[in-house]
Every structure is written in C-alpha cells, then in structure tokens.
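Q: need the 3D shape of this:
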Amino acid sequence: MENTKCECGHNNPVGTILCEYCGKPLDESESSGQPLEMRYEGKARRSQTQNTTWFDRVWNFFSSVKVAVYLILITLLASVLGTLLPQEQYIPSNRPDAYYPQKYGTIGDIYYQLGLHRMYESWWFITLLSMIGISLVVCSLDRVIPLYQALKNQRVEKNISFILRQRIHQTVSTKEKEKESALDKWMKVLQKKGYRVRREGDSLLAEKGRFSRWGPYVIHIGLILFLFGVLLRLLPGWAMDEFVYVREGQIKKIPETPFYVKNVKADIELYDPQEMPQKLEEQTPVVKKYETDTILYEKNASGRLKPVHRDAIVVNQPMEYKGLLLYQADFQPNQAEAIRLGVKDKKTKKKLGSIRIDLYDPKPTYALKNGVTVRILDYFPDFIMDGNRPTTKSENPNRPAFIFEVDSPKLDEPEKSWMIAGTNLDDLNRKNRYTMDLEKIETVNVSGLKFRTEKSLPVILFGGVVAMIGLVMGFFWFHRRVWIRWAEDQLYIGAHTNKNWYGIRRELEQVSKECGLHLSFTPEEGQGNQ
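A: Predicted coordinates:
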C-alpha cells in the first residue's frame with residue numbers, strides 16, 4: 001500500500017496504516033465501520049516495506065513468525081529422534097560403530113550412520129538452535145522498534161474518526177460552556193484510577209500499564225539468553241560431565257581442563273558392629289563412608305605439574321576448585337594392578353626368575369638369567385572373543401590375557417605361551433619347555449571420580465529469570481489508553497487495551513459514573529485482543 005500525505009499535513013512512511021500524527025486511517029477504501037488495526041499502532045514493519053537486497057530477504061525470512069514456528073517444530077522433532085536410542089556418551093562401549101548395529105540391528109545402524117548418536121553436538125542441530133535465536137532477535141527488532149517509536153511519539157489530539165473506530169467508544173453531547181468542567185472531571189477521575197493523563201487543548205490522553213507491552217519482548221530476550229547459554233555449553237571447558245577411574249598413586253589428566261588429579265589414597269570406612277541395630281550385627285559389614293584423598297595439579301610455565309589444591313572427596317561432598325567439581329562416584333577395592341610370574345625350565349626343573357608385569361603399562365621385553373628373554377606379543381586387558389578373534393572390551397585389566405614369546409639359547413626357535421585370567425591353558429602350552437606360573441597379584445584401590453563443570457549455568461538461569469519477568473509483565477498487567485476530544489458540542493471518548501476488554505469497559509463505566517454520567521461501553525464485536 002502506497003501512502004500519501006494525511007489531511008493533517010503529516011507525511012507518513014510507506015506502509016503506514018494510521019497517520020503517525022493524528023491517527024486518521026490512511027486507507028480510505030477500508031470499511032469505516034470496522035475497528036482500527038492497532039497492532040504496532042498502525043506503523044509499518046521493516047519486513048513489510050523493504051525487499052530489494054539480499055539482506056532484506058534474509059531479514060524478511062527470519063522476521064516471519066511462521067518460519068519461527070517451523071524451526072521450533074523441526075528442532076522438537078529432531079530432539080525426539082535423538083532420544084529414541086541412547087546417545088554415545090551413555091552406551092557401555094567405546095566402539096559406537098559396532099555397538100549400535102549389534103545392539104539395535106538395522107535401526108541402530110541407520111541411527112549411527114545418520115549421526116543421531118551424537119545429535120545434540122552435531123553441526124545441523126546447533127545450526128537449528130542458532131536459527132531459532134536469530135529468528136527471535138529479528139522478530140523482536142522488526143516489531144519492537146515501530147511499536148516503541150509509535151508509543152514514544154503518540155500525540156494527545158487524535159482525529160475523530162480514530163476515536164470513533166476504536167473497539168470501545170462513546171459520544172456524549174456536551175455544550176461548549178460545559179467542556180472545561182467535563183474534561184477536568186474526566187482528567188481527575190482517570191488520574192485517581194492510576195492513569196497518566198496529558199491534555200492538549202480540548203483533548204485528553206490517559207494511559208497506564210505501557211510497560212506490559214514490552215512483556216513479550218522481555219520474554220524473547222530471556223529466551224535468547226537461554227539459547228546463548230545452551231550454545232556456550234558446546235565450547236570446550238564450558239560444560240563437562242566426565243567420569244574416570246583413578247588408581248591410588250596415579251595422576252590422570254582431567255578432560256577439557258588444564259588440571260590433573262592424583263589419587264593419593266582411596267579408602268572405605270565401615271560401621272562398627274556396635275553402631276548397628278542388633279538384628280544387623282551379624283550380617284555383612286555396611287559401608288559408612290567412601291573417601292578419596294586427592295591432589296589437583298596444574299602445569300606451570302616450565303611444563304611441570306604444580307599442586308594447586310588438596311582435599312578429601314566424600315560421597316555428596318565434592319572437591320571444588322575454580323568452578324570444577326570432583327565427585328566420589330564409584331569405589332573398586334583390591335583391583336589388580338600388576339602380576340608377578342615365575343619362569344621355570346621344565347627340563348631342568350629350575351626356576352629362572354620372576355617378571356613383574358604392570359597391567360596398565362606392560363614393558364615389551366623382560367630379560368632373565370641364562371640369556372632367556374620374555375617378550376609380550378599381544379596383550380588384551382579385558383579379554384573377550386569377537387567371533388574367532390581375540391579382542392578387549394575396555395582398557396581396564398578386568399580379565400587380562402597375554403601372548404608371550406620366550407626365547408633362549410637352548411631353543412631352536414622361540415616358543416609361544418598363552419595366559420588368560422581364570423582359564424587353564426596347560427594343554428595348549430604343554431609342548432613348551434618354559435612355563436610361566438602366577439606367583440602374586442598386586443592390588444590397589446581404585447576410585448571412580450566424576451568431573452563436572454557448568455560455566456554457562458548462570459547465563460541459562462539468568463535467561464530463565466528474565467523470561468519469567470517478561471511473562472509476568474505481559475500476563476498480569478494491561479496497557480490501557482483512553483482518548484477524549486471535544487468538538488462541535490460533542491465529547492468523543494475512545495479506549496483501547498491489549499487484553500481484558502471486559503476490565504476496561506467496566507472501569508470506564510465506573511469513571512463515567514463518577515463524572516456524573518452513566519455511560520455504557522459495549523465493545524464492538526468481531527475483534528480480538530490487539
């Protein structure tokens with residue numbers, strides 16, 4: 001729609017529905033019997049007037065509420081798909097490519113191939129969230145700027161047609177000699193009702209609750225902050241929820257942080273039998289407390305580890321340092337750390353010595369007397385058979401298995417020996433000259449520690465609080481305006497609110513009664529809240 005100059009002489013921008021100065025409708029072809037479109041006070045939005053450059057087209061795309069709804073629906077659908085099967089971080093395997101097809105068949109294979117196993121970290125899901133955020137920003141700016149300009153610059157004196165085409169309006173016959181008294185009465189009573197009243201000549205503008213119009217946009221700001229906080233979690237170090245096992249005496253790197261943690265000592269405390277009820281005294285001892293004495297390290301400028309914090313971690317009493325929380329999440333007592341094997345010559349029945357194998361970091365070769373050497377050809381910390389092939393389920397030595405090669409000057413060629421925890425392989429190794437027998441298992445206590453940090457949580461919570469404030473602003477307060485103008489022995493009264501039409505109608509009837517009038521303000525039918 002191309003606008004011309006209003007009859008009041010004001011030049012309006014293209015796309016304006018109501019004159020910015022006097023409020024007169026600029027579309028003369030519009031039926032004069034219909035209430036006015038008061039959304040954004042009749043001002044044109046940028047997306048409705050400009051569509052020439054690529055920036056305009058992008059702006060118009062993201063300013064569409066329909067587009068925003070579609071983006072939200074697509075994101076919700078994607079979120080549902082991501083919950084059909086467990087995400088990668090929750091599966092008991094470090095081989096997702098094999099786990100999903102094996103556990104869930106064809107559906108699992110498709111799930112993995114589509115990348116749904118890490119959906120919430122995928123580029124396309126992040127793009128969807130970013131597009132929703134951009135849409136919120138553009139939708140808000142496209143609407144709040146013209147609304148702010150219109151409300152800030154609204155004039156008191158309005159065209160009579162503007163007043164008569166409000167959804168709530170009334171006309172009262174008032175002689176010129178009575179106009180001052182009538183306007184003063186309306187002004188005082190409206191002020192008593194909490195309205196801010198301005199007067200210009202023979203016109204009044206009473207307004208209250210304008211701040212409620214900003215409620216939806218405050219909600220948008222809160223949602224934008226919330227989305228921003230969610231996206232911050234994807235940055236390294238901003239959000240972490242990792243779990244690692246740390247042996248006594250071991251120093252381990254904390255993922256995604258500059259810190260290292262050392263398990264100085266892990267222990268459990270049992271209840272004294274005298275502390276237990278009589279019925280439970282003879283039963284299995286009950287654990288009273290799991291505790292891990294830990295030291296937190298950080299590398300200094302020279303690259304050496306420097307202790308920065310020391311504390312005991314107890315269940316539900318985490319260590320905290322610079323936003324990093326360390327929880328006691330598991331305890332495994334007496335876990336195998338190393339084994340000692342005795343090597344014996346079956347022919348001479350003499351023991352050649354012992355070798356100590358660190359189950360977490362075994363040496364490749366061990367030398368014994370008489371030129372005998374033992375070499376580890378293969379090592380499976382957590383042995384299983386995958387079809388006809390030996391493999392390991394994890395890096396933890398839950399069921400260690402070895403393939404040894406023993407060489408000696410007395411042998412024509414090296415001989416191989418198998419050793420699997422909990423399995424008798426004497427028949428397999430019976431032709432070998434050299435035997436290896438288990439002499440000792442060295443154990444250590446292992447603590448399962450959970451590392452957690454959530455630096456973006458304050459941003460997310462702040463966004464939620466802002467959104468709730470906007471919700472309260474928009475739902476529990478109303479923007480009400482009353483225009484009154486005297487002209488040609490008539491007092492024209494028009495009113496508008498963004499919601500609760502019944503409330504403003506009843507309020508105006510009370511005001512008119514206090515002014516000595518008994519007016520009925522019945523709203524025009526067929527119009528919703530604007």
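Q: any idea how far stretch 162-181 is from the chain center?
A: Distance of stretch 162-181 from the chain centroid (Cα atoms, centre = their mean, to the nearest Å) equals 54 Å.
Q: which parts of it are buried?
A: 162-170, 172, 174, 179 (16 or more other Cβ atoms under 10 Å). Bear in mind the C-beta positions are built from the backbone N, C-alpha and C, glycine included.
Q: what's near enough to touch the residue sitting nearest the centre point of the chain?
A: Nearest to the geometric centre of the chain sits V230, at 3.5 Å (Cα atoms, centre = their mean). Each residue near V230 by Cβ atoms under 8 Å, 6 or more residues apart in numbering is listed here: 129, 456, 460.
Q: helix/strand/coil for it?
A: helix (DSSP: H, G, I helix; E, B strand; the rest coil).
Q: how much space between it and T53?
A: 32 Å (Cβ to Cβ, to the nearest Å).
Q: now do R46
A: R46 is 12 Å from T53, by Cβ to Cβ.
Q: for M319, same thing?
A: 56 Å.
Q: more neighbours: which of those two?
A: Ranked by neighbour count (other Cβ atoms under 10 Å), M319 and T53 place M319 first, with 22 against 9.
Q: partners of that one in the sheet?
A: L326 (DSSP bridges).
Q: so it sits against D293, correct?
A: No: M319 is not in contact with D293 according to Cβ atoms under 8 Å; the separation is 10.2 Å.
Q: anything in contact with each of those two?
A: Shared contacts of M319 and D293, counting by Cβ under 8 Å, 6+ apart, come down to A312.
Q: skipping adjacent residues, who's closest to E337 in space?
A: Leaving out its chain neighbours, the residue that sits closest to E337 by Cβ to Cβ, 6 or more residues apart in numbering is V444, at 4.3 Å.
Q: same question for R118.
A: Per Cβ to Cβ, 6+ apart, closest to R118 is E88, 5.2 Å.
Q: how much space separates the one you found from V80?
A: Distance from E88 to V80, by Cβ to Cβ: 18 Å.
Q: hey, where'd the helices end up in the stretch 101-250 of the chain?
A: 123-152, 160-164, 176-192, 215-232 (DSSP state H, counting those that start in this stretch).
Q: Throw these into TSV and include mean pLDDT and distance to K289, thanks.
A: TSV is the format used below for those (pLDDT from 0 to 100; distance: least, Cβ to Cβ, whole Å):
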stretch	mean pLDDT	distance to K289
helix 123-152	90	42
helix 160-164	88	76
helix 176-192	92	67
helix 215-232	93	36
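Q: just send those back as CSV, with distance to D97 too.
A: Converted to CSV, the helices of the stretch 101-250 of the chain look like this (distance: least, Cβ to Cβ, whole Å):
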stretch, distance to D97
helix 123-152, 19
helix 160-164, 68
helix 176-192, 72
helix 215-232, 28
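Q: so which of the ones you listed is nearest L326?
A: helix 215-232 (21.9 Å; Cβ to Cβ).
Q: any idea how far the closest one is from the middle of the chain?
A: 11 Å.
Q: please name the nearest non-neighbouring residue to F162.
A: G23 (3.4 Å).
Q: hang on, the one you found packs against E157?
A: No: with contact defined as Cβ under 8 Å, G23 does not reach E157; the gap is 9.1 Å.
Q: between these two, who's got more neighbours?
A: The residue with more neighbours, out of G23 and E157, is G23; 26 against 19, by other Cβ under 10 Å.
Q: just to revisit the earlier point, now do the contacts for the residue nearest to F162.
A: Counting by Cβ under 8 Å, 6+ apart, G23 has contacts 42, 155, 158-159, 162.
Q: that one in helix, strand or coil?
A: Applying three-state DSSP: G23 is coil.
Q: how far away is it from L151?
A: 13 Å.
Q: over to L491?
A: L491 is 25 Å from L151, by Cβ to Cβ.
Q: higher neighbour count, those two?
A: L491 (21 against 17).
Q: give the contact list for the more buried one.
A: 171-174, 179, 182, 484-485.
Q: can you check the pLDDT for it?
A: The confidence metric pLDDT takes the value 93 at L491.
Q: what helix or strand is it on?
A: Per DSSP states H and E, L491 falls inside strand 490-497.
Q: about what we covered before: can you check which of the helices of the stretch 101-250 of the chain gets nearest to A206?
A: helix 176-192 (4.2 Å).
Q: helices and strands around that closest one, which ones?
A: Using 3 or more Cβ pairs under 8 Å, 6 or more residues apart in numbering; DSSP states H and E as the contact definition, the elements that helix 176-192 packs against are strand 196-200, strand 203-208, strand 480-487, helix 501-514.
Q: format those as CSV; extra columns: mean pLDDT.
A: Output for the helices and strands packed on helix 176-192, formatted as CSV (pLDDT from 0 to 100):
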stretch, mean pLDDT
strand 196-200, 93
strand 203-208, 94
strand 480-487, 93
helix 501-514, 92
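Q: just name the most buried of these.
A: strand 480-487 (a mean of 23; mean count of other Cβ atoms under 10 Å).
Q: that strand: partners in the sheet, and parallel or antiparallel?
A: Applying DSSP bridges, one finds strand 480-487 paired with strand 203-208 (antiparallel), strand 490-497 (antiparallel).
Q: could I get the ones you listed as JSON lines with distance to N11?
A: Conversion of the strands paired with strand 480-487 to JSON lines gives the following (distance: least, Cβ to Cβ, whole Å):
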{"stretch": "strand 203-208", "distance to N11": "22"}
{"stretch": "strand 490-497", "distance to N11": "25"}
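Q: closest to W59 out of those?
A: Closest among the strands paired with strand 480-487, using Cβ to Cβ: strand 490-497, at 29.1 Å.
Q: now the residue nearest to the centre of the chain: how far from P86?
A: Taking Cβ to Cβ, one finds V230 at 21 Å from P86.
Q: cool, Y104 as well?
A: 10 Å.
Q: helices along the stretch 401-530 of the chain, start to end?
A: Under DSSP H, counting those that start in this stretch, the stretch 401-530 of the chain gives helices at 426-429, 457-476, 501-514.
Q: what residues sit buried inside the longest one?
A: Neighbour-count burial for helix 457-476 flags 459-460, 463, 466-467, 470, 473-474 (criterion: 16+ other Cβ under 10 Å).
Q: swap in stretch 343-353?
A: So, applying 16+ other Cβ under 10 Å, buried residues of stretch 343-353: 343-345, 352.
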